[in-house]
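>>> I would like to see how this sequence folds:
(one chain, ligands or ions: 1)
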Amino acid sequence: MILHTTRTLPRLSRLTPNLQCPLRRRNTRTISVQRLSGSIGAEIQDVDLARDLPENPGLVQELRESLLEHQVIFFRNQNLEPQSFLTFASHFGKPIEYPFVRGIDNFPAIIQVLKQEHETVNFGGVWHSDTSYFEQPPMGSILLAKEIPPFGGDTLFANQYAAYEALSEGLKRTLSMLKGVNTSAKADVSKTREDRVRDSGNANARTNYEAVHPVVRTHPETGRKALYVNTAHTARFEGWTEDESAPLLQFLVTHQVKPEFTCRFCWDVGSIAFWDNRCAQHYPVNDYHGFRRRMLRITLAGDKPV
Ligand SMILES: O=C(O)CCC(=O)C(=O)O
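Prediction:
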């Protein structure tokens with residue numbers, strides 16, 4: 001008989017204590033920011049988002065600075081209901097609707113990221129930056145775990161500043177002249193939406209969204225350059241055919257998710273991940289067939305990439 005262990009402990013044992021860096025808020029409390037890997041991701045500890053944000057006006061700014069520094073920040077034990085989740089997200093930007101899936105009742109900007117026991121494909125299960133096929137793709141996305149499988153279902157994140165900086169000067173020069181054509185219609189990722197479109201599809205969605213963005217974008221807040229192609233949505237380079245684009249694109253999408261640019265987050269119920277789509281990609285691991293996983297997701301409006 002196979003026994004499945006349940007998650008009872010937060011995964012702090014994975015973290016290195018000497019990487020703790022305390023941040024001082026405007027009031028007397030101190031939060032800790034603990035990095036998850038050498039490249040990307042940090043867990044913010046000692047914060048109760050529902051209680052602390054209204055009481056600490058400086059906290060939003062500190063969390064935003066952490067997001068800009070680490071590209072994705074994580075919280076644990078935040079058992080927010082939809083309204084408080086929306087309130088939290090609204091401190092950082094304007095929640096927007098996802099085109100293909102309806103929001104939950106009374107909350108059009110909150111969708112469920114769900115995989116049910118009998119399903120085999122997980123939502124968004126291809127490396128991507130969210131909806132890069134919009135003219136103005138979302139600056140960030142926030143995921144709150146409501147139900148998790150007894151094992152598996154982690155999410156990987158990849159730092160796209162680091163991926164860009166690791167390229168040769170010659171390739172950087174070539175990429176600076178290229179734009180990517182991003183589409184919602186690539187088959188691999190369309191497949192990952194099918195289950196949810198079937199039970200909660202948005203009747204107003206267009207069949208395809210497409211937008212052209214620089215292959216290397218400059219982050220509007222940090223001024224740093226990041227690779228901005230992704231295997232889920234970038235179909236080709238502008239002015240190039242798909243066949244012509246394939247070899248270079250294939251090199252880039254393999255390069256940009258090398259392990260040294262990534263971190264891996266293991267969820268508990270009440271965990272939150274808040275990532276910056278302008279400089280990070282993510283990949284939810286589909287290794288928990290037979291179990292249910294349900295998250296709530298909010299995306300925040302962004303700028304046109306330049
Ligand atoms: O389920 C996850 O961990 C991430 C889902 C995803 O790819 C998305 O919300 O864009």
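>>> How about the residues of the stretch 151-300 of the chain by the ligand?
With CB under 6 Å from any ligand atom as the criterion, the stretch 151-300 of the chain comes near the ligand at residues 155, 282, 284, 295, 297. In short, each C-beta sits where N, CA and C put it, glycine included.
>>> give me that answer again for 5 Å
155, 284, 297 (CB under 5 Å from any ligand atom).
>>> The stretch 1-150 of the chain too?
Counting by CB under 5 Å from any ligand atom, the stretch 1-150 of the chain sits next to the ligand at 113, 124.
>>> got any ranges where the stretch 1-150 of the chain has weak pLDDT?
1-30 (pLDDT under 70).
>>> what are the ranges of the helices in it?
49-55, 57-70, 82-90 (DSSP state H, counting those that start in this stretch).
>>> Against which helices or strands is the longest one packed?
Put plainly, it is helix 57-70. strand 20-24, strand 30-35, strand 42-45, helix 49-55, strand 72-75, strand 272-276 (3 or more CB pairs under 8 Å, 6 or more residues apart in numbering; DSSP states H and E).
>>> Columns mean neighbour count on top of the ones you listed, output as a markdown table?
Shown next, in a markdown table, are these (neighbours: other CB atoms under 10 Å):
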| stretch | mean neighbour count |
| --- | --- |
| strand 20-24 | 13 |
| strand 30-35 | 17 |
| strand 42-45 | 22 |
| helix 49-55 | 14 |
| strand 72-75 | 24 |
| strand 272-276 | 25 |
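>>> For the helices of the stretch 1-150 of the chain, give me a markdown table that also has distance to residue 107.
Shown next, in a markdown table, are those (distance: least, CB to CB, whole Å):
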| stretch | distance to residue 107 |
| --- | --- |
| helix 49-55 | 16 |
| helix 57-70 | 21 |
| helix 82-90 | 5 |
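>>> which one is the closest residue to the ligand within the stretch 201-306 of the chain nearest to, not counting chain neighbours?
The minimum distance from the stretch 201-306 of the chain to the ligand, using CB to the nearest ligand atom, falls at residue 284 (3.4 Å). Of all residues beyond its chain neighbours, the one nearest residue 284 is residue 155 (4.9 Å), with distances taken as CB to CB, 6 or more residues apart in numbering.
>>> How about the residue nearest in space to the middle of the chain, nearest residue that isn't a chain neighbour?
By CA atoms, centre = their mean, the chain has its centre lying nearest to residue 275, at 4.5 Å. Distances taken as CB to CB, 6+ apart put residue 72 closest to residue 275, at 4.0 Å, once the chain neighbours are dropped.
>>> Nearest to the ligand within the chain, name that residue for me.
residue 124 (2.5 Å).
>>> So that residue sits against residue 114, correct?
No: between residue 124 and residue 114 there is no contact under CB atoms under 8 Å: 11.3 Å.
>>> Could I get the contacting residues of residue 189?
124, 126, 128, 232, 233 (CB atoms under 8 Å, 6 or more residues apart in numbering).
>>> you'd agree residue 286 is in a strand?
No: assessed with DSSP: H, G, I helix; E, B strand; the rest coil, residue 286 is coil; it does not lie in a strand.
>>> Appreciated, that's everything.
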